[in-house]
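Visitor: Here you go, sequence then predicted model.
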Amino acid sequence: MKEIILVRHAKSSWSNIGLKDYERPLNKRGMHDAPKMAKYLTENLSQIPQLIYSSYANRALETAKIFHSTMALDTDIDIRKSMYHSDIDDLMHVINETLDEYNCIALFGHNPTMTYMVNNFHDSVLDNLPTCGVALLQSSANRWNEVQENNTQVNSIYIPKALFY
């Protein structure tokens, strides 16, 4: 069985309008929510990620680094430009090319793609995976290149406002 943790980046700052979109950092709420969510997951997941993929956009990478540090992970962060302005096929490509030695991976990215990914594997429709929202997917596949819609489902969705506010 393979597990996928989808994480939408934490809340980003719009205070500096001169920054390019991919340069935007996390704002105060993002810096608050990311470590709390990472700690919550560490305490409540059956597996922690053995490999992290992140969009190269600053807000996604900052979120990934906070999770990496808070969860005390012993892995590198694989930074992917293809995960910025991505679609479901881009993320499935990342998942399907993962080495089979890993059983649990995390992907840090952006909306609307993260919401689309959740809905692709979920029975009901999620309107929006909010910032720092997390979806845990489980697949009956034994190999990453076999993970697909018919053998993978959303097991849990974690939303910061529902947990911490």
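Guide: Right, received. Where do you want to start? Residues are numbered from 1 along each chain as shown.

Visitor: From the centroid of the chain, which residue is nearest?
Guide: Residue closest to the mean C-alpha point of the chain, counted by CA atoms, centre = their mean, is V7 at 2.2 Å.

Visitor: Which strand or helix spans that one?
Guide: If you go by DSSP states H and E, V7 is part of strand 2-8.

Visitor: residues in contact with that strand?
Guide: Contact partners of strand 2-8, identified using CB atoms under 8 Å, 6 or more residues apart in numbering, comprise 37, 41, 45-47, 49, 63-64, 67, 95, 103-111, 114-115, 117-118, 129-139, 141-142, 144, 147, 152. C-betas here are computed from N, CA, C, even on glycine.

Visitor: Of those, keep whichever come out buried.
Guide: 37, 41, 45, 49, 63-64, 67, 95, 104-110, 114-115, 117-118, 129-139, 141, 144, 147, 152 (16 or more other CB atoms under 10 Å).

Visitor: mind listing the helices for this protein?
Guide: For the chain, helices defined by DSSP state H occupy the ranges 28-44, 58-70, 88-96, 113-120, 160-164.

Visitor: can you give me the angle the fourth one makes with helix 88-96?
Guide: What that stands for is helix 113-120. 80 degrees (axes from the mean of the first three to the mean of the last three CA atoms, to 10 degrees).

Visitor: Give me the helices and strands touching helix 113-120, please.
Guide: On a contact count with 3 or more CB pairs under 8 Å, 6 or more residues apart in numbering; DSSP states H and E, helix 113-120 meets strand 2-8, helix 88-96, strand 134-139.

Visitor: redo that, cut-off 10 Å
Guide: Counting by 3 or more CB pairs under 10 Å, 6 or more residues apart in numbering; DSSP states H and E, the packing neighbours recorded for helix 113-120 are strand 2-8, helix 88-96, strand 104-109, strand 134-139, strand 152-158.

Visitor: what is the mean pLDDT for the third one?
Guide: What that stands for is strand 104-109. Averaging pLDDT along strand 104-109 yields 98.

Visitor: Equivalent analysis for the last one, please.
Guide: Along strand 152-158, the predicted confidence averages to a pLDDT of 96.

Visitor: Only C-alpha atoms, please: export it in PDB.
Guide: Extracted in PDB, the C-alpha atoms of strand 152-158 (Å, rounded to 0.1, in the frame of the first residue of the first chain):
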ATOM      1  CA  THR A 152      -6.600   5.200  -4.700                       C
ATOM      2  CA  GLN A 153      -8.900   7.100  -2.400                       C
ATOM      3  CA  VAL A 154      -9.000  10.000   0.000                       C
ATOM      4  CA  ASN A 155      -8.800   8.700   3.500                       C
ATOM      5  CA  SER A 156      -8.800  11.900   5.500                       C
ATOM      6  CA  ILE A 157      -8.800  15.700   5.000                       C
ATOM      7  CA  TYR A 158      -7.300  18.000   7.600                       C
END
